[in-house]
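Colleague: please find the sequence and the predicted model below.
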Amino acid sequence: MATAKWNGEVVAESEVFETVEGNIYFPRNSIHMEFFKDSTHSSVCPWKGTASYFSLSVHGKTNENAAWFYENPKKEAEKIKGYVAFWKGVEVNE
């Protein structure tokens, strides 16, 4: 079981996940969407493609761009299509 926690709340949990470059990617259906807000931020990885982001909003605090995902990953990263990963202080444990 993998979990992602921020500001005292579990924001994602799943027995199914992918690990890429040391990051645990959670299936989109395992994240607790009530804590996620769309972001306009994006970044580009040379081998995975363009990442989109979510901000987290928990108990009145916001963690900008704390989660990322690849809507249309490059072929080499197809296994993380539909998955979400975390950073910026989000505690992820396996």
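Modeller: Happy to help now that I have it.

Colleague: which phi and psi does Glu18 have?
Modeller: Dihedral angles of Glu18 (phi, psi; degrees, to the nearest 10) stand at phi -120, psi 140.

Colleague: burial of it, as a residue count?
Modeller: 17 (other CB atoms under 10 Å). (C-beta placed from N, C-alpha, C; glycine too.)

Colleague: excluding its backbone neighbours, what's nearest it?
Modeller: Tyr25 (4.5 Å; CB to CB, 6 or more residues apart in numbering).

Colleague: any idea how far the one you found is from Gly8?
Modeller: 23 Å (CB to CB, to the nearest Å).

Colleague: and if you look at Glu21?
Modeller: Glu21 is 28 Å from Gly8, by CB to CB.

Colleague: quick check: can you name the pairing partners of the one helix or strand Ala4 maps to and their directions?
Modeller: Ala4 is part of strand 2-6, with elements assigned from DSSP states H and E. Strand pairing for strand 2-6, using DSSP bridges, gives strand 9-14 (antiparallel), strand 91-93 (antiparallel).

Colleague: tell me which of the ones you listed is the most buried.
Modeller: With neighbours defined as mean count of other CB atoms under 10 Å, the strands paired with strand 2-6 peak in mean count at strand 9-14, which reaches a mean of 19.

Colleague: put the alpha carbons of that one into CSV.
Modeller: What follows is strand 9-14, C-alpha atoms only, in CSV (Å, rounded to 0.1, in the frame of the first residue of the first chain):
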residue,chain,number,x,y,z
GLU,A,9,-4.6,14.3,5.5
VAL,A,10,-4.2,11.3,3.2
VAL,A,11,-4.5,12.7,-0.3
ALA,A,12,-3.9,9.5,-2.2
GLU,A,13,-3.7,5.8,-1.3
SER,A,14,-3.4,2.7,-3.4
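
Colleague: spell out which strands sit alongside the helix or strand that it is followed by in the sheet and which way each one runs.
Modeller: Next along the chain after strand 9-14, taking DSSP H and E as the criterion, comes strand 18-20. Strand 18-20 has the following sheet partners, assigned by DSSP bridges: strand 23-27 (antiparallel).
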